[in-house]
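Peer 1: next come a sequence and a model predicted from it.
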Amino acid sequence: MFAFLLLLCWPLAELYVAVKVAEAIGALYTVLLLLASWPLGSWALRSQGSLAWRRLRLAVAEGRTPAREVIDGALVLIGGVLLIVPGFISDVVGLSMLLPPTRAPMRGALMRSLHSRLVVRVGRPRSRPYDVDSTARDIDQPQLRP
């Protein structure tokens, strides 16, 4: 439900902000700002992405679990894509995912969220019973339902 509302409201919010920015600085400058975010997003995605990839390889080479590096790489990827997508709100969110000082709180929140979901999922009992004690037995063919 949240994803549906986000997909519905995000373009409307982007359009509203673009209109307000155009009223403040003019339509031409607004379009130029929106067009300037594409090369900036491509550059940031390449530079920060390669840095995240090097950190990931270093963590694997050192034998550490690369959880932080994987999440950093995902945030860099999403941030770069958001910079390439036209819109001022997506640019602000994308920049916050690309810049290391603002990416750190997002990484912490994402790690806590993933950790709590994984712990709940692992700790939750299965809905279907399974044969732990090996008490299963074979049933003759005529007894089986078609």
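Peer 2: Sure thing, it's come through. As the structure is a computational prediction, the values presented were derived from the model and not from experiment.

Peer 1: report the rounded mean pLDDT for stretch 116-132.
Peer 2: Stretch 116-132 carries an average pLDDT of 59.

Peer 1: repeat for stretch 18-34
Peer 2: So the average pLDDT for stretch 18-34 ends up being 93.

Peer 1: roughly how far out does it sit from the chain middle?
Peer 2: 28 Å (Cα atoms, centre = their mean, to the nearest Å).

Peer 1: contacts for that stretch, please.
Peer 2: 86, 87, 88 (Cβ atoms under 8 Å, 6 or more residues apart in numbering). C-beta: built from backbone N, CA, C; applies to glycine.

Peer 1: next, residue 28: secondary structure please.
Peer 2: With DSSP: H, G, I helix; E, B strand; the rest coil as the basis, residue 28 sits in helix.

Peer 1: distance of it from residue 20?
Peer 2: The spacing between residue 28 and residue 20, counted by Cβ to Cβ, to the nearest Å, is 16 Å.

Peer 1: and residue 87, how many neighbours does it have?
Peer 2: Close neighbours of residue 87, defined as other Cβ atoms under 10 Å, add up to 20.

Peer 1: again with the one 4 residues further on
Peer 2: Counted with other Cβ under 10 Å, residues neighbouring residue 91 total 23.

Peer 1: that one contacts residue 80, doesn't it?
Peer 2: No - counting by Cβ atoms under 8 Å, residue 91 stays clear of residue 80, with 11.2 Å between them.

Peer 1: ok, back up a step: filter the contacts of stretch 18-34 down to the ones in strands?
Peer 2: If you go by DSSP state E, these have nothing in strands.

Peer 1: in helices only, show me these.
Peer 2: Within the contacts of stretch 18-34, residues falling in helices by DSSP state H are residue 88.

Peer 1: hmm, back to that, higher neighbour count, residue 28 and residue 20?
Peer 2: More crowded of residue 28 and residue 20, by other Cβ under 10 Å: residue 20, with 12 against 9.
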